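Engineer: Build me a model:
(one chain, ligands or ions: 1)
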Amino acid sequence: MMLYADIFEKAYKLKVFQIWELTEELYKDWEGIFSKKVVKDRVTSFIASQLRANSLIKVRSDPSIFAFPEFGTEWEKYVRKRKCQTCGKEFIPFRPEQVYCSEKCRERRKASPLPPQKTQKKWAKEEEEFLKRELRKKGKLSKKDMVEIAQKLQRSYRSVWHKVRRLQHEAKNNP
Ligand SMILES: [Zn+2]
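Structural biologist: From the prediction side, this is the model:
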């Protein structure tokens, strides 16, 4: 049974919160017993009753942010923020999965995705020699061999696989 006292305790820990934040907090304890929708419904009715009793105030609308009266004037100090993954600016996330401060930043990130990972870096002479030695030693490299080599060289399996194929091709053309 989820009591208002349970919800109150979590809410008071957050001091300033949105419906989704309180829902996520409670869901950590009630997952498997209630669906997230049920938890959210309880949170919503809890908030409505607390607002009527003036034990909660709404400090911002659309989307709404609620606070206990003693934290109301300084709610911005208590509200939880995130760093935008594009511009680095701090913002208030209005959805649990939100990682960009604005639509503009989301679009910008989509247009220029993260730079290629270092697994695509050029092969060093020593790495190439090491791979050639392994090939000579074993004649043929199994998937397991290549996974181990990739780990040793801190490269992706894919990167090793491509290099092996190229080396084999070169060996065939220059015996
Ligand atoms: Zn941004």
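Engineer: gap between stretch 16-27 and the chain center?
Structural biologist: Mean C-alpha position of stretch 16-27 versus that of the full chain (Cα atoms, centre = their mean, to the nearest Å) differs by 18 Å.
Engineer: Break the chain down into its structural domains.
Structural biologist: 4-78, 82-111, 118-173 (automatic domain parsing).
Engineer: hey, least reliable of these by pLDDT?
Structural biologist: Here these differ in mean pLDDT, and the lowest is domain 118-173 at a mean of 85.
Engineer: Now name the helix or strand holding residue 11.
Structural biologist: Residue 11 is part of helix 4-14, with elements assigned from DSSP states H and E.
Engineer: in that helix, what's buried?
Structural biologist: 7, 10-11, 14 (16 or more other Cβ atoms under 10 Å). Where you see a C-beta, it was placed from the backbone N, CA and C, and this is true even at glycine.
Engineer: Kindly present those residues as JSON lines, with separate columns for distance to residue 131.
Structural biologist: Output for the buried residues of helix 4-14, formatted as JSON lines (distance: Cβ to Cβ, whole Å):
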{"residue": "7", "distance to residue 131": "60"}
{"residue": "10", "distance to residue 131": "55"}
{"residue": "11", "distance to residue 131": "59"}
{"residue": "14", "distance to residue 131": "54"}
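Engineer: helices and strands around the helix holding residue 11, which ones?
Structural biologist: Counting contacts by 3 or more Cβ pairs under 8 Å, 6 or more residues apart in numbering; DSSP states H and E, helix 4-14 is packed against helix 19-30, helix 36-52.
Engineer: any idea of the angle the last one forms with helix 4-14?
Structural biologist: So the one you mean is helix 36-52. Helix 36-52 and helix 4-14 are oriented at 80 degrees to each other (axes from the mean of the first three to the mean of the last three Cα atoms, to 10 degrees).
Engineer: packing partners for whichever helix or strand comes after helix 36-52?
Structural biologist: Downstream of helix 36-52, the first helix or strand assigned by DSSP H and E is strand 57-60. Judged by 3+ Cβ pairs under 8 Å, 6+ apart, the packing partners of strand 57-60 are strand 65-67.
Engineer: Past the strand it packs on, which element shows up next along the chain?
Structural biologist: Per DSSP H and E, the first helix or strand lying C-terminal to strand 65-67 is helix 75-78.
Engineer: Pairing partners for the helix or strand that comes right after that following helix, with directions?
Structural biologist: Note on helix 75-78: by DSSP H and E, the next helix or strand toward the C-terminus is strand 82-83. Sheet pairing of strand 82-83 (DSSP bridges) gives strand 90-91 (antiparallel).
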